[in-house]
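>>> Requesting a structural model of the entry that follows:
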Amino acid sequence: MENMKPIDTFKRVEDKYRLTPRQAAEFLTKIREHVVPDVYFRYSIHSIYYDTEQCDLAVAAMEHPEYKCKLRMRGYNIVKDSDPVFLETKKKYGNIVYKKRFALPCRNGVDYMEYGIPHQDTSNTAKEIDYMMKKDNLQAKVLISYDRECYAGIEESDVRITFDTNIRYRLDDLDDLNDHGTEKKLNDGWVMLEVKAMDRYPMWLVRILSEMNLQRTSFSKYTTIYRENFEALSVTGKLRYSAIQPEWQKETRLCSLPY
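This next block holds a predicted model:
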């Protein structure tokens, strides 16, 4: 990543599929002749999610609105104080996801997000996040980590396929993006498959998904954790959402970056 300029703003469609490890292995076997390991092939992702005191962003997302928004700080692999972290917004309108982010050294990112110590970035994205943090008094709620494996289409430059495994989370020590060994498992060992394509799936991918009878799902890691831990995450201790059901459902420019 040191030799590549990060993309700080983009939009895309992402389709998610919930697979067993056995299904994931079979799917990978079937697509191997059509894909190659991405330039960022294997890495771990660590994200701290921010919300209001009563988790209004999580509650709103569970009601499946046309528009929803998340704010997070994200780092990769083992994050040292001098390593870059990305402060980013993720907004979904209809089926399109819009992401904007800017980078800070980890120590500066934590100082700003956790303690309100100003940074020097004056980009529009930085100003927007600063406005969100102050307007709604957002605070760190959960650290979510997982391991990702990525593949890119050989003939279709816009096709990118990722597998997320070992999804885990922590509700405390939220000034540190690294694993502590105390994280809880999420998703009972399922593998989250994401397919990213600009306009349409190539026919080989349509055929494989059809052969395996794989159906798109909607899954939010953060809102799933909220449902399971609402007493710890919300000051009211009440789950302000009546339909308790799995949070299972798409992102359109693709980039070869560890997003």
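>>> Which parts of the stretch 1-150 of the chain are strands?
Shown for the stretch 1-150 of the chain, the strands assigned by DSSP state E, counting those that start in this stretch span residues 9-12, 14-19, 35-51, 67-76, 84-93, 96-105, 139-153.
>>> in its sheet, what does the fifth one sit against?
I take that to be strand 84-93. strand 67-76 (antiparallel), strand 96-105 (antiparallel) (DSSP bridges).
>>> ok, back up a step: nearest to A61, out of the strands of the stretch 1-150 of the chain?
strand 67-76 (4.7 Å; C-beta to C-beta). C-betas here are computed from N, CA, C, even on glycine.
>>> Name the residues of the closest one that are buried.
68, 70-76 (16 or more other C-beta atoms under 10 Å).
>>> So which of these is the closest to C106?
G75 (6.3 Å).
>>> Surely the closest one is in contact with C106?
Yes. Contact criterion C-beta atoms under 8 Å: G75 and C106 qualify, at 6.3 Å.
>>> where do the contact lists of those two overlap?
Counting by C-beta atoms under 8 Å, 6 or more residues apart in numbering, the common neighbours of G75 and C106 are 83-85, 177.
>>> For the spatially closest residue to I48 that is not a sequence neighbour, give the beta-bridge partners.
Of all residues not flanking I48 in the chain, M73 sits nearest, at 4.8 Å (C-beta to C-beta, 6 or more residues apart in numbering). Note on M73: beta-bridge partners I48, L87, judged by DSSP bridges.
>>> How about the contacts made by M73?
Here M73 is in contact with 47-48, 50, 85-88, 109-110, 113, 177 (C-beta under 8 Å, 6+ apart).
>>> Can I get stretch 187-195 as PDB, trimmed to CA atoms?
Only the C-alpha atoms of stretch 187-195 are listed here, as PDB (Å, rounded to 0.1, in the frame of the first residue of the first chain):
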ATOM      1  CA  ASN A 187     -21.600 -15.500  13.000                       C
ATOM      2  CA  ASP A 188     -21.000 -19.000  14.200                       C
ATOM      3  CA  GLY A 189     -18.100 -19.700  11.800                       C
ATOM      4  CA  TRP A 190     -19.900 -18.700   8.600                       C
ATOM      5  CA  VAL A 191     -17.900 -17.200   5.800                       C
ATOM      6  CA  MET A 192     -19.200 -13.900   4.300                       C
ATOM      7  CA  LEU A 193     -18.700 -13.800   0.600                       C
ATOM      8  CA  GLU A 194     -18.800 -10.400  -1.200                       C
ATOM      9  CA  VAL A 195     -19.000 -10.000  -4.900                       C
END
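>>> Can you mark which positions in it are buried?
187, 190-195.
>>> For those, give me JSON lines that also has distance to N166.
Compiled in JSON lines, those are given as follows (distance: C-beta to C-beta, whole Å):
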{"residue": "N187", "distance to N166": "9"}
{"residue": "W190", "distance to N166": "11"}
{"residue": "V191", "distance to N166": "9"}
{"residue": "M192", "distance to N166": "11"}
{"residue": "L193", "distance to N166": "14"}
{"residue": "E194", "distance to N166": "15"}
{"residue": "V195", "distance to N166": "20"}
